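**Student:** here's a sequence, model it:
(one chain, ligands or ions: 2)
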Amino acid sequence: MIKAILTDIEGTTSSLSFVKDVLFPYAAERLPDFVRAHRDDPQVAQLLEDARAVADGAGDEDALIAAMLDWIATDRKITPLKALQGLIWEEGYARGAFRGHIYEDAARRLRDWHGAGLRLYVYSSGSVHAQKLLFGHTDYGDLTPVFAGFFDTRIGGKREPESYRAIAAEIGLPPGEILFLSDIREELDAAQDAGMETIALRREGVTGPFGEHPVVDDFDGVRPIED
Ligand SMILES: CSCCC(=O)C(=O)COP(=O)(O)O
Ligand SMILES: [Mg+2]
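**Tutor:** Numbers count the residues shown, from 1 in each chain. Ligands and ions are numbered 1, 2, ... in the order given. Just a heads-up that it's a prediction; the model follows:
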């Protein structure tokens, strides 16, 4: 019996286009100025140090910025970059430059499942801070209260079964009682290897392949409980 749902964001609760055409360009445009303005803030300084450790050969700040812009352009899920992006997006949400996109069916069903007693969790490559900002600023209001917890790549990569085992341990449920939703086959495979139930989302612009995972077009097709 499913007791918890773990959901991806991009391509699952929210559109690919919002992330690729709104969030990523906003972060790329502001990253150089943000780094120069905040390089001495302890949190930002630590993230830059962590990013530098990944960006082999980025000798000075300009080279590090260039490396991070390349990571954004190529959608690299580098943990310190994702944390920096979250800090930059915070300014965007506060200025009203954009709102967090979530499909209507996802907002409605998440609220229904929460009301029915299912425990809901997010697992995204976007930082936990970025996740809370997105779900806190949607056209359907603040959705953060429906979630019991948020996970990002600090717990491990999304294509590694060990990450899903660690999430199940943190949630405190056997993996078989957790349903994972995603648009990416490799993530679904990893969750399944860890023992979770899986369903693939085939949203606009998502083509698969999805292997043997059940496939639905939206959250109305997800039936974790009789309703
Ligand atoms: C938390 S919103 C930004 C999403 C993001 O940065 C990203 O890389 C999307 O990754 P996901 O794991 O949600 O597909
Ligand atoms: Mg996704």
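**Student:** what about residue 23, neighbour count?
**Tutor:** 26 (other Cβ atoms under 10 Å). Where you see a C-beta, it was placed from the backbone N, CA and C, and this is true even at glycine.
**Student:** swap that for residue 151, please
**Tutor:** Neighbour count of residue 151, defined by other Cβ under 10 Å: 21.
**Student:** give the closest residue to it in space, chain neighbours not counted.
**Tutor:** Closest residue in space to residue 151, ignoring its immediate chain neighbours: residue 123 at 4.4 Å, by Cβ to Cβ, 6 or more residues apart in numbering.
**Student:** point out where this structure drops to low pLDDT.
**Tutor:** Applying pLDDT under 70 to the chain flags the ranges 226-227.
**Student:** now the strands for it?
**Tutor:** In the chain, the strands defined using DSSP state E lie at 4-7, 119-123, 147-151, 178-182, 197-201, 215-216.
**Student:** touching ligand 2 at all, the fourth one?
**Tutor:** No - legend: contact between strand 178-182 and ligand 2 by Cβ under 5 Å from the ion is lacking; minimum distance shown is 5.5 Å.
**Student:** who are the packing partners of that strand?
**Tutor:** On a contact count with 3 or more Cβ pairs under 8 Å, 6 or more residues apart in numbering; DSSP states H and E, strand 178-182 meets strand 4-7, helix 161-171, helix 185-193, strand 197-201.
**Student:** the third one versus strand 119-123: what angle between them?
**Tutor:** Using axes from the mean of the first three to the mean of the last three Cα atoms, to 10 degrees, the inter-axis angle of helix 185-193 relative to strand 119-123 is 130 degrees.
**Student:** in the lengthiest helix in the chain, what's buried?
**Tutor:** Assignment by DSSP state H gives helix 79-95 as the longest helix of the chain. Under the neighbour-count criterion of 16 or more other Cβ atoms under 10 Å, helix 79-95 has 79-89, 92-93 buried.
**Student:** which parts of the chain belong to which domain?
**Tutor:** Recorded structural domains for the chain (assignment: automatic domain parsing) are 4-15+100-221, 19-95.
**Student:** do the first one and ligand 1 meet?
**Tutor:** The one in question is domain 4-15+100-221. Yes - Domain 4-15+100-221 is in contact with ligand 1 by Cβ under 6 Å from any ligand atom, via 8, 9, 10, 11, 124, 125, 126, 130, 131, 134, 158.
**Student:** output the residues you listed in JSON lines; the columns should cover neighbour count and distance to residue 55.
**Tutor:** Below are those laid out as JSON lines (neighbours: other Cβ atoms under 10 Å; distance: Cβ to Cβ, whole Å):
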{"residue": "8", "neighbour count": "23", "distance to residue 55": "26"}
{"residue": "9", "neighbour count": "25", "distance to residue 55": "25"}
{"residue": "10", "neighbour count": "24", "distance to residue 55": "23"}
{"residue": "11", "neighbour count": "21", "distance to residue 55": "27"}
{"residue": "124", "neighbour count": "25", "distance to residue 55": "22"}
{"residue": "125", "neighbour count": "22", "distance to residue 55": "18"}
{"residue": "126", "neighbour count": "26", "distance to residue 55": "20"}
{"residue": "130", "neighbour count": "27", "distance to residue 55": "20"}
{"residue": "131", "neighbour count": "23", "distance to residue 55": "24"}
{"residue": "134", "neighbour count": "29", "distance to residue 55": "26"}
{"residue": "158", "neighbour count": "23", "distance to residue 55": "21"}
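**Student:** farthest pair in the residues you listed?
**Tutor:** Pairwise distances across the residues of domain 4-15+100-221 next to ligand 1 peak at 16.6 Å for 134 and 158 (criterion: Cβ to Cβ).
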